[in-house]
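*Asks:* 3D model of this:
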Amino acid sequence: MLNADIEKVLVDEKQLDEITTRLAKQIDEDYKDTKNRLVMVCILKGSLMFMSDLMKKVTVPVEIDCMKVSSYGRGTTSTGSINIYLDLIRPDIEECDLLIIEDIVDSGNTLSYLTKYLKNRGAKSVRTCTLLDKPSRREVEYTPDYVGLEIPDEFVIGYGLDYAERYRALPYIGVLKPSVYMQK
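*Replies:* Purely as a prediction, here's the structure:
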């Protein structure tokens, strides 16, 4: 039973709905006058549920695309090395405002790297939107453009976030009991 592994619920379904509504309004306001193509870039797999709910609430014209990027190995901490497993391939990148959608920012390495990488590829602009932010874990100078919620340094799962590919389908964000990931 997955719920038995949860120490506590950190962000419930109502709070997630409020967060996505607030962020969508901010995005609408910031992009209402753009002449460029707005593309939300989902960072797979963890951001899938968040982006799905967020894009339903954005009212400005938006396209979607995906990248699969990781700085994690099989454990619970970042390796610091960024691996791109699925790249963004668009012949029209020079016409696009890219909005990278991420599930969580802790070290800042991934989004810092991706922002520079996509700007160097010619995007008109690159901004970032994260559901969760753990600034206490920052290893590089990095601040996301849009932040759903700042959280303490706890290992969170659910609503797309996983541990060993489990817990993604939970409709809330919970704190995983340390006994679950410390036993490995």
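*Asks:* Could you use CA atoms for every contact and neighbour count after this?
*Replies:* Will do.
*Asks:* same for the longest helix along the chain, what does it pack against?
*Replies:* The helix that spans the most residues within the chain, counting by DSSP state H, is helix 13-31. Judged by 3 or more C-alpha pairs under 8 Å, 6 or more residues apart in numbering; DSSP states H and E, the packing partners of helix 13-31 are helix 48-57, strand 146-150.
*Asks:* Buried residues in it, which are they?
*Replies:* By neighbour count on 16 or more other C-alpha atoms under 10 Å, the buried set for helix 13-31 is 16, 19, 20, 21, 23, 24, 27, 31.
*Asks:* a markdown table for the residues you listed, including pLDDT and distance to residue 114?
*Replies:* Output for these, formatted as a markdown table (pLDDT from 0 to 100; distance: C-alpha to C-alpha, whole Å):
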| residue | pLDDT | distance to residue 114 |
| --- | --- | --- |
| 16 | 98 | 25 |
| 19 | 98 | 24 |
| 20 | 98 | 22 |
| 21 | 98 | 25 |
| 23 | 98 | 21 |
| 24 | 98 | 22 |
| 27 | 98 | 19 |
| 31 | 98 | 21 |
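*Asks:* just to revisit the earlier point, adding mean neighbour count, write the helices and strands packed on helix 13-31 out as CSV.
*Replies:* Shown next, in CSV, are the helices and strands packed on helix 13-31 (neighbours: other C-alpha atoms under 10 Å):
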stretch, mean neighbour count
helix 48-57, 18
strand 146-150, 18
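*Asks:* out of the ones you listed, nearest to residue 104?
*Replies:* Closest to residue 104 of these is strand 146-150 (C-alpha to C-alpha; 9.3 Å).
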